[in-house]
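Participant: sequence below, structure please.
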Amino acid sequence: MRALVWHGKEDIRCDTVSDPKLQDARDAIVKVTSCAICGSDLHLFHNFVPAMLPGDIMGHEMMGEVVEVGSGLNGNLKVGDRVVVPFTIICGACEQCKRGNFSVCERTNRNKHIADKVFGHATAGLFGYTHLTGGYPGGQAEYLRVPFADRTHIKIPDGLTDEQVLFLGDIFPTGWQAAVQCEIEETDTVAIWGCGPVGQMAIRSAVLLGARQVVAIDRLPERLSMAEAGGAVTIDFEQESVVGRLNDLTDGKGPEKCIDATGLESHVTFALPDTIYDRAKQMMGMESDRPHVLREMIYVCRPAGTISIPGVYAGLVDKIPMGQAMNKGLTFRMGQTHVNRWTDDLLRRIEEGQIDPSFVITHTARLQDGPEMYKVFRDKQDSCVKVVLKP
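Facilitator: You can find the predicted model right below:
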């Protein structure tokens, strides 16, 4: 089969690789009909995330048709079923899964011995990601082996297109969880840094959850226009002071809820003291992540407010103003997404027409064009916000 394969920093190729096979009674094989490039894939593309190996198959946002099932699925999943595959691999039976904390499933990370040393305690296995999360082959491919398939799937009813439901596997529940973690009240201003795909989903989630005002921060016109269409007030950080404008919009009090939909590659296009510092330390290997957005959020957030972090951080950050955060009494909520906790509700909202997540798609291409589309997505060429690939 063909698949997008990691060969090193900024080197993704469409290779011919072996077809996946059933390895366990709970496995299923899915023929991928649609997959997507995620902002998290760019962290791997730039080699910011450790423990990637040449030959790893990329991708964690995918869906398709079940073509083979293991003997242990007992009718839970059948050949011909149409499914979205969440990026988190879950057993459904461990203590964390029983609590709905699916992204920290205790059984699916097959490199647990390594992850325990790095993280203190291992988290769940993830598709198409670092070997710290199991090193499972991803879904930017023609076929995908799904382990624990009786639990690691979202069954899709007839009548919905791939484009409507594909993002149930990652960015839609990620944006939703980011907003839910804020415990939004009807009087709240919710400020969202980053208007990429996750930020766009967080904007619409905050609106659906009843925020009084949603403010979206970015610099790219196409992203800001998409955010405005979703109900947000927008701030172009290259043209305006983010802190000043947020204070103006909140009568000097600051937003109650702040969402970091940017993560470790946070930077601005002009030089600020902290961004110069971060880039210098990163080049010297003394810091892995650039937390400009996180610092700004802590500074501008209203006392007793909440900071929600769906943006991915991979390693070490520096100069985090913990004194400000502690004295202002801020609450931090963060983590990989507990996808299956949210998908029944979100699928219902799609079916009822409350939201159509396909709005975020700007580019559709063939799987073999994937390596070039990584660069288009990274460089935001041709007003690119979200890429869907068709194997």
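
Participant: CA atoms for contacts and neighbours, from now on please.
Facilitator: Will do.

Participant: quick check: chain neighbours aside, which residue is closest to the residue most central in space within the chain?
Facilitator: Central residue of the chain (C-alpha atoms, centre = their mean): Ile171, 5.0 Å from the mean position. Closest residue to Ile171 apart from its sequence neighbours, by C-alpha to C-alpha, 6 or more residues apart in numbering: Val198 at 5.2 Å.

Participant: that neighbour should be in a helix, yeah?
Facilitator: Yes - per DSSP: H, G, I helix; E, B strand; the rest coil, Val198 lies within a helix segment.

Participant: ok, it - contacts?
Facilitator: Counting by C-alpha atoms under 8 Å, 6 or more residues apart in numbering, Val198 makes contact with Ile171, Phe172, Thr174, Gly175, Ala261.

Participant: which ones among the residues you listed map onto helices?
Facilitator: Residues of the contacts of Val198 located in helices (DSSP state H): Ile171, Phe172, Thr174, Gly175.

Participant: where does the stretch 51-200 of the chain dip in pLDDT?
Facilitator: Within the stretch 51-200 of the chain, no stretch falls below the threshold (pLDDT under 70).

Participant: name the member of the ones in helices among the contacts of Val198 with the most neighbours.
Facilitator: Among the ones in helices among the contacts of Val198, the one with the most neighbours (other C-alpha atoms under 10 Å) is Thr174, at 29 neighbours.

Participant: wait, that residue touches Thr337, no?
Facilitator: Yes - the pair Thr174 / Thr337 is scored as a contact, 5.4 Å apart, by C-alpha atoms under 8 Å.

Participant: shared neighbours, these two?
Facilitator: With C-alpha under 8 Å, 6+ apart, Thr174 and Thr337 have common neighbours Pro310.

Participant: give me the phi and psi for the nearest residue to Lys155 once chain neighbours are set aside.
Facilitator: The shortest distance from Lys155 to any non-neighbouring residue, by C-alpha to C-alpha, 6+ apart, is to Val83 (4.6 Å). Main-chain dihedrals, Val83, degrees, to the nearest 10: phi -140, psi 150.

Participant: ok, Asp116 to Met283 distance?
Facilitator: Going from Asp116 to Met283 by C-alpha to C-alpha, to the nearest Å gives 28 Å.

Participant: stretch 226-235: end-to-end distance?
Facilitator: 13 Å.

Participant: just say helix, strand or coil for Ala122.
Facilitator: Ala122 ends up coil, using three-state DSSP.

Participant: with Ile259 instead?
Facilitator: Per three-state DSSP, Ile259 ends up strand.

Participant: count the neighbours of it for me.
Facilitator: By other C-alpha under 10 Å, the burial measure for Ile259, its neighbour count, is 30.

Participant: same question, Glu142
Facilitator: 21.

Participant: for the stretch 201-350 of the chain, which spans come out with low pLDDT?
Facilitator: When residues are selected by pLDDT under 70, those of the stretch 201-350 of the chain lie in 267-271.

Participant: at 90 instead, please
Facilitator: 264-290, 315-316 (pLDDT under 90).

Participant: which parts of it are helices?
Facilitator: Assigned helices in the stretch 201-350 of the chain, in chain order: 221-229, 242-249, 273-283, 292-300, 322-328, 339-351 (criterion: DSSP state H, counting those that start in this stretch).

Participant: closest to Arg99 out of the ones in helices among the contacts of Val198?
Facilitator: In terms of C-alpha to C-alpha, no member of those lies closer to Arg99 than Thr174, at 17.9 Å.

Participant: what's the distance between that closest one and Trp342?
Facilitator: Thr174 is 9 Å from Trp342, by C-alpha to C-alpha.

Participant: Asp116 and Met283: who's more crowded?
Facilitator: Asp116 (13 against 10).

Participant: list the residues that contact Arg151.
Facilitator: Taking C-alpha under 8 Å, 6+ apart as the test, what Arg151 contacts is Ile90, Cys91, Gly92.

Participant: what strand or helix carries the second one?
Facilitator: It refers to Cys91. According to DSSP states H and E, Cys91 maps onto no helix or strand at all.

Participant: what's the burial count for it?
Facilitator: Neighbours of Cys91 (other C-alpha under 10 Å): 23.

Participant: over to the residue nearest to it when sequence neighbours are not counted: give its phi and psi.
Facilitator: Among residues not flanking Cys91 along the chain, Phe148 sits closest, at 5.9 Å (C-alpha to C-alpha, 6+ apart). Phe148 has phi and psi values of phi 50, psi 40 when expressed as degrees, to the nearest 10.

Participant: quick one: Leu249 from Thr189, how far?
Facilitator: 9 Å.

Participant: one more: Arg348?
Facilitator: Arg348 is 26 Å from Thr189, by C-alpha to C-alpha.

Participant: look at the two and report which has more neighbours.
Facilitator: Neighbours of Arg348 and Thr189, each counted by other C-alpha under 10 Å, are more numerous for Thr189; the result is 23 against 12.

Participant: what's across from that one in the sheet?
Facilitator: Gln213 (DSSP bridges).

Participant: who are the contact partners of it?
Facilitator: Ala211, Arg212, Gln213, Val214, Val215, Thr250, Pro255, Glu256, Lys257 are the contacts of Thr189 under C-alpha under 8 Å, 6+ apart.

Participant: against Thr306, how distant is it?
Facilitator: Thr189 is 11 Å from Thr306, by C-alpha to C-alpha.

Participant: name the residues contacting each of those two.
Facilitator: Glu256, Lys257.
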